[in-house]
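> fold the following.
(4 chains)
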2 protein chains.
Amino acid sequence: MAFNSGKKKISESTIHRLSLYYRVLSILEKENHQTVSSKELARREKLTPAQVRKDLSFFGSFGTRGLGYPVSELKRQIGDILGINRGWNVAMVGVGNIGSALVGYKEFQRQGFNIKVIFDNDQRKIGSNHKGIIVSDIRNLERDLRANNIEIVILAVPATVAQYIVDDIVRAGIRGILNFAPLNLKVPDHVFLRNENMSMELEYLSFALKNSETSKSGEGKGHKI
Amino acid sequence: MAFNSGKKKISESTIHRLSLYYRVLSILEKENHQTVSSKELARREKLTPAQVRKDLSFFGSFGTRGLGYPVSELKRQIGDILGINRGWNVAMVGVGNIGSALVGYKEFQRQGFNIKVIFDNDQRKIGSNHKGIIVSDIRNLERDLRANNIEIVILAVPATVAQYIVDDIVRAGIRGILNFAPLNLKVPDHVFLRNENMSMELEYLSFALKNSETSKSGEGKGHKI
DNA sequence: TTGCGATTGTGAAGGAATTCACAATCGTAA
DNA sequence: TTACGATTGTGAATTCCTTCACAATCGCAA
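Below is the predicted model of the structure:
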């Protein structure tokens, strides 16, 4: 393929799978593999080889026929596509249960998401040290987001106040928000909002277990009822 | 529609959307709405009314033409479909950052997932009290999972030990596992394993932001490159 | 009791994502 | 220098998912 000149639609699932490939490639790199085939990549992620090749083909041709893909090189390329090689300045808003756990979550840093500022409204927390970062007063949200060149905000506050805070965040010029609060937030069109709903997968398990009691299902994509 | 006699394939997305409907219905119930139309439900979740109706139609016909769906009744029905009304006994394995945050996560209980036991291998944590639950020694994993009739396990341990622990969990007869460790675990066919990958949505944001700099995209499903 | 606006439930159509299938092409070994 | 097994990249075929479009039918008002 020539180059990524033409505009193509990339599906959400493809992007999510790139994340998976990236993670496996990191592991393969540590295990000193030089190359990897679409077959092996697929096996590790429970996908088909064709799926892997198709996903990658949207962005270019990274492999060598007969050999496979160069592990480190492909990892770097996917990192470029996802935009995680460049690194991002991230702020955490809310240092309750979830928020403080995520501040200490190594995986984020490893993927290039650097938490630079933490906000809370609790006077007892403000000024305290969380994993080397001093908690800021949420009343200075807009000012401190700008001062630290924050590009992405992770929101881990109670649902009751989430919308007000999002409005502030948007006003500060932030265009990427990851929301952990269990509600649907409103943002302008130019802002990217993603929701992390941790109950969802538990509920899927619940559904699967409930229905497997009668109709013993294997590992297929869907479920019989 | 008659009844759910025939076996139909239900897609993963449909189940995930049921979770969304359930959450919105809980909110509508609190706001004292008696009925809700597919149009309104769709608006709140940024879906199409047809999608909402089709999803529900897989499981029965819950609405009234001209009126919409009865909020509380539909919520109960979806709860039944997802299997969350009956409640589940859940164990948390690993009380590090993520694990201890999730133990205190109210949303799980609210959806019928009751954390009954907590395990860790750290002698300093074993015996200590986490949100009213005494941390058990992971060496008693199999015994205590059985003793407490645990049906679902949430795994929040370092990637390095996750597979060993999963093997134990499977040996204890558990058939539902929610994994937070960043790796792909192997389980037998009869066990349902779901992965929660919190970096994934951040990486999607990264991709979206990176690509929006040039090709200003709106709120469509996919992304141009 | 009839008529009307609103909304569901669902086959059929349309669109999107996945898989198939194979030509192209690599590294390697004789 | 050629022959071969392996593997990619990709149009075409297929499968899966979403949206359309409309008959069916409800509550309500006159």
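> what are the buried residues along the helix ranked longest in chain A?
The single longest helix within chain A, with elements called by DSSP state H, is helix A:12-30. Buried residues in helix A:12-30, counted by 16 or more other CB atoms under 10 Å in any protein chain shown: A:14-26, A:28-29. C-beta coordinates here come from the backbone N, C-alpha and C atoms, glycine included.
> what does chain A have sitting close to DNA strand D?
A:1, A:37-39, A:49-50, A:53-54, A:56-57, A:61-69, A:221-222 (CB under 7 Å from any atom of the strand).
> does stretch A:42-53 reach DNA strand C?
Yes - Stretch A:42-53 comes into contact with DNA strand C (CB under 7 Å from any atom of the strand), by way of A:47, A:48, A:50, A:51, A:53.
> ok, the last one - contacts?
The reference is to residue A:53. A:38, A:63 (CB atoms under 8 Å, 6 or more residues apart in numbering or on different chains).
> and the next helix or strand past the helix or strand harbouring it?
Per DSSP states H and E: residue A:53 is located in helix A:49-57. The helix or strand immediately downstream of helix A:49-57 is strand A:69-70, counting by DSSP H and E.
> show me what whatever helix or strand comes next after the longest helix of chain A is packed against.
With elements assigned by DSSP H and E, the helix or strand that comes after helix A:12-30 is strand A:35-36. Packed against strand A:35-36, as judged by 3 or more CB pairs under 8 Å, 6 or more residues apart in numbering or on different chains; DSSP states H and E, are the following elements: strand A:69-70, helix A:71-82.
> I'd say residue A:75 and residue A:22 touch.
Yes - look at residue A:75 against residue A:22 with CB atoms under 8 Å: they come within range, at 6.4 Å.
> return the helix or strand in chain A with minimum mean pLDDT.
None of the helices or strands of chain A scores lower by mean pLDDT, DSSP states H and E than strand A:223-224, at a mean of 52.
> in chain A, what residue lies closest to DNA strand C?
Proximity of chain A to DNA strand C (CB to the nearest atom of the strand) peaks at residue A:66, 2.1 Å away.
> what's the helix or strand for residue A:199?
helix A:198-212.
> list the buried ones in that helix?
Within helix A:198-212, the residues scored as buried using 16+ other CB under 10 Å are A:198-212.
> so of the helices and strands packed on strand A:35-36, which one's packed in deepest?
Scoring these by mean neighbour count under mean count of other CB atoms under 10 Å in any protein chain shown gives strand A:69-70 as the most buried, with a mean of 21.
> packing partners for that strand?
strand A:35-36.
> what is the mean pLDDT for the strand it packs on?
Mean per-residue pLDDT for strand A:35-36: 98.
> who does it pair up with?
Partners of strand A:35-36 in the sheet, by DSSP bridges, are strand A:69-70 (antiparallel).
> can you name the residues in contact with the partner strand?
By CB under 8 Å, 6+ apart, the surrounding residues in contact with strand A:69-70 are A:34, A:35, A:36, A:37, A:38, A:41, A:56, A:62, A:63, A:64.
> surely the fourth one meets residue A:66?
This points to residue A:37. No - using CB under 8 Å, residue A:37 makes no contact with residue A:66, being 9.7 Å away.
> which of those two has more neighbours?
Legend: neighbour count by other CB atoms under 10 Å in any protein chain shown for residue A:37 and residue A:66, higher for residue A:37 (16 against 6).
> what sits against residue A:196?
Taking CB under 8 Å, 6+ apart, one finds A:178, A:179, A:180, B:198, B:201 in contact with residue A:196.
> quick one: secondary structure of residue A:117?
Secondary structure for residue A:117, judged by DSSP: H, G, I helix; E, B strand; the rest coil, is strand.
> tell me the bridge partners for it.
residue A:91.
> sorry, back to before: list only buried entries from the contacts of strand A:69-70.
Neighbour counting over those (16+ other CB under 10 Å) leaves A:35, A:36, A:37, A:38, A:41, A:56, A:62, A:63 as the buried ones.
> which one of those residues is nearest to chain B?
residue A:41 (11.4 Å; CB to the nearest CB).
> that closest one: which element?
Here residue A:41, judged by DSSP H and E, is contained in helix A:38-45.
> cool, residue A:136 as well?
Using DSSP H and E, residue A:136 falls within strand A:133-137.
> so what strands line up beside that strand?
strand A:113-120 (parallel), strand A:129-130 (antiparallel).
> check which residues of it are buried.
For strand A:133-137, by 16+ other CB under 10 Å, it's A:133, A:135, A:136, A:137.
> can you list the residues of chain A near DNA strand C?
Going by CB under 7 Å from any atom of the strand, the residues of chain A near DNA strand C are A:9, A:11-14, A:47-48, A:50-51, A:53-54, A:64-67.
> next, the contact list for the nearest residue to residue A:205 once chain neighbours are set aside, please.
Spatially, and ignoring its direct neighbours in sequence, residue A:205 is nearest to residue B:176 (4.3 Å; CB to CB, 6 or more residues apart in numbering or on different chains). Applying CB under 8 Å, 6+ apart, we find residue B:176 in contact with A:205, A:206, A:208, A:209, B:151, B:152, B:153, B:191, B:192.
> so which of those residues is the closest to DNA strand D?
Ranked by distance to DNA strand D (CB to the nearest atom of the strand), these are led by residue A:208 at 14.6 Å.
> got a pLDDT number for the closest one?
98.
> you'd agree it is up against residue B:192?
Yes - assessed by CB under 8 Å, residue A:208 is found in contact with residue B:192 at 4.5 Å.
> picking up where we left off before, TSV for the buried residues of strand A:133-137, including pLDDT and distance to residue A:111?
Shown next, in TSV, are the buried residues of strand A:133-137 (pLDDT from 0 to 100; distance: CB to CB, whole Å):
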residue	pLDDT	distance to residue A:111
A:133	96	18
A:135	98	23
A:136	98	24
A:137	98	29
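> who does residue A:130 form a beta bridge with?
residue A:133.
> the nearest residue to residue A:21 once chain neighbours are set aside: what's it in contact with?
Using CB to CB, 6+ apart and skipping residues adjacent in sequence, the residue nearest residue A:21 is residue A:78, 5.8 Å away. Residues near residue A:78 by CB under 8 Å, 6+ apart: A:18, A:21, A:22, A:25.
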